[in-house]
Structure formats: structure tokens, C-alpha cells
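> with the sequence up front, the predicted model follows.
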Amino acid sequence: MGKIVLNTALCLVLLCSSAFSQKVEQGRVTRIMEWGKIQPRKLIDCPTAGLLPRGSFDFDIRIYPGGGVINTIDIGLMNRFMLGLSFGGAKLISEEKPDWNPRIEFAAKIRFINESYLMPAFVLGYDGQGVGAYNDSLERYQYKSKGFYGVVSKNYLVFDIPVGFHFGTNYSLENEDEDKNITLFLGADIRFNESFGAVLEYDLGTNDDDSKALGEGKGYLNLGFQWIFSDQLSLELDLRNIFTNTEDISQVGRELRIIFVEFF
């Protein structure tokens, strides 16, 4: 009788353990899937392999030093393809006359490889929107646009916290400063909980360190802190150019970013 009770109890323990393990594993899979829905399309300046779902769009409003504003709208046309356009200018939030950017800038991104357990996602894209005031003499933004780029992204659960890693290379068409080098960038994003996250990126800036360029060879390190109201709306405070890699700039830039996602 004792053996029967012991065997029955052991079976119940094994069943409960199996159910608990399955529940934990399902929870991890669910969290990865949920994380994938909110994966950023861009860290701060550096793109990721993230895309908008088909039939959705987002508004990305960036307010940068000097009263500048950049408004971007991206549209998920297909599950593997999205388009975007942006426009803005400096001194929009000030008492001075606005200094508009010279044109509307376009962006496009197509994913060739979806992320799997072993493989990272891979995209190719173009983004013509730089950040900061436009320099007419050099025909470039203060911080160059990425131009043509390729990125790989891979997502993990680190101590049950979703973390994404991103690595890419790009060639900017803003090269009137005679610095036509290809550059590399890398970054990460982390979601601490439902309300808070952070992004970090570093661009080597090898396309912005020649004699006529604005950079000084230290690269561009940017850090952002996210307050996430929902999967649709987030507010972000970005610290730009932490290495102060730009001539005539001795302070870290502070920017505000608002991102809103909606479906058609």
C-alpha cells in the first residue's frame, strides 16, 4: 500500500514538474513573440532588422537641440518590406525663422532572412534622413544619414529579459566632404519590463573623420531610455554623441523622441 501511495505521489510530482516546465517554456516563447512585435525598426540612428507588420504604420517624431524637429512616417506594405518618408528642420521650436531641410527624405527596407533559433534576421535598406541642422556647403546633415545599409539582428532572453543585438554596415550618399568610406555600426536594445527599456548604439564614424568632415575620429556613441506606455506608444530620451565627436560641440546632445504605431 505504501509503495502504491509513493508511486502515485511520484507520478503526480513528475506530471506537475512537466506541466510547470512546459508552462515556463511556453512563457518564454510567448515573451519572445511579444518582444518581436515591439522590436525597434531603428535604435536611435542605426537601423535594425526589425520591420513593421503588414498593414501598419508609425509616426516617429524626433526633437533635437536647437529647436529642430524631424517627422517620419513608416508603412509596413508587406511582411518583409516597409517604406518611409521624413521631413523637418532646425529652429522650429524657437522664436527664430525656421531653417527647413532641403527636401523630403525617403527610406526603404526589405528583409531577406527571417530570424530563427540559430539564424539572425538580415535586411538591406536605404535611409536618406540625417539628424541635426543641414549644412548647405557640405550638402550633409550634422549627423550623416545611413544611406545604403545592411543589418543583422538576433534576439535573446538574458536572465528572462529580452535583449536584441544588431550589427551592420552602411554607405552614406552625403559625401561632398570627400569622406566616402564605408562605416560599421552595432547596438543593442533591452526591455526591462512592460514600461521601461533602453537602446545603445555605436557608429565607428569612418565616413566622417577626414579633413573636411565634421567628425574627429572617435565615432558616435548614443544612448536612449524608453518609457513604454503600450505596444503602440513610447517616449524616449536620447543622449547623443557621448564622445563629443563633432567639431564645435562640447556637450552631449539631449533629444526627445515619440513613436506611435497604428494599423490600417
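That came through fine.

> quick one, what contacts the residue lying closest to Gly66 once chain neighbours are set aside?
Closest residue to Gly66 apart from its sequence neighbours, by CB to CB, 6 or more residues apart in numbering: Ala90 at 5.1 Å. No exception for glycine: its C-beta is placed from N, CA and C like everyone else's. For Ala90, the contact set (CB atoms under 8 Å, 6 or more residues apart in numbering) comprises 66-68, 98-99, 132-134.

> ok, of those, which come out buried?
67-68, 99, 132-134 (16 or more other CB atoms under 10 Å).

> from these, which ones fall inside strands?
Counting by DSSP state E, the buried ones among the contacts of Ala90 place 68, 99, 132-134 in strands.

> for Leu237, see how far away Phe196 is.
Remark: distance between Phe196 and Leu237 (CB to CB, to the nearest Å) = 11 Å.

> overlap in contacts of the two?
Phe225.

> circling back to that earlier point, okay if I get the buried ones among the contacts of Ala90 as TSV plus distance to Ala213?
Shown next, in TSV, are those (distance: CB to CB, whole Å):
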residue	distance to Ala213
Gly67	25
Gly68	20
Asp99	21
Gly132	14
Ala133	15
Tyr134	15
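
> may I ask which two of the residues you listed are separated the most?
Gly67 and Tyr134 (14.1 Å; CB to CB).

> what stretches of the stretch 151-264 of the chain score poorly on pLDDT?
Applying pLDDT under 70 to the stretch 151-264 of the chain flags no residue at all.

> show me where it has helices.
Remark: helices of the stretch 151-264 of the chain are absent; assignment by DSSP state H, counting those that start in this stretch.

> show me the strands in it, by range?
Assigned by DSSP state E, counting those that start in this stretch, the stretch 151-264 of the chain shows strands spanning 161-171, 183-191, 196-203, 220-228, 233-240, 253-263.

> and Val152, which of those is closest to it?
Among the strands of the stretch 151-264 of the chain, strand 161-171 sits nearest to Val152 (CB to CB), with 5.6 Å.

> report the distance from the closest one to the chain centre.
8 Å (CA atoms, centre = their mean, to the nearest Å).

> partner strands of it and their direction?
Applying DSSP bridges to the sheet, strand 161-171 is found paired with strand 147-158 (antiparallel), strand 183-191 (antiparallel).

> can you list the ones you listed in JSON lines and add distance to Gly128 and mean neighbour count?
Output for these, formatted as JSON lines (distance: least, CB to CB, whole Å; neighbours: other CB atoms under 10 Å):
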{"stretch": "strand 147-158", "distance to Gly128": "7", "mean neighbour count": "17"}
{"stretch": "strand 183-191", "distance to Gly128": "16", "mean neighbour count": "20"}
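
> now render these as a markdown table, adding distance to Phe260.
Listed next are the strands paired with strand 161-171 as a markdown table, based on distance: least, CB to CB, whole Å:
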| stretch | distance to Phe260 |
| --- | --- |
| strand 147-158 | 22 |
| strand 183-191 | 18 |
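
> for Ile228, find the nearest of those.
Ile228 lies closest to strand 183-191 among the strands paired with strand 161-171, at 7.8 Å (CB to CB).

> what's the angle from that closest one to strand 196-203?
Strand 183-191 runs at 170 degrees relative to strand 196-203, counting by axes from the mean of the first three to the mean of the last three CA atoms, to 10 degrees.

> contacts for strand 183-191, please.
35, 38-40, 43-44, 46, 48, 161-172, 197-208, 228.

> which residues does the nearest residue to Lys180 once chain neighbours are set aside contact?
The spatial neighbour of Lys180 that comes closest, neighbours along the chain excluded (CB to CB, 6+ apart), is Asn207 at 7.1 Å. Contacts for Asn207 (CB under 8 Å, 6+ apart) come out as 144, 171-172, 175, 179-183, 213.

> ranking by neighbours, what's the top pick from these?
Neighbour counts for the contacts of Asn207, by other CB atoms under 10 Å, peak at Lys144, which reaches 28 neighbours.

> check the gap between that one and Phe122 for me.
Look at Lys144 and Phe122: by CB to CB, they are 23 Å apart.
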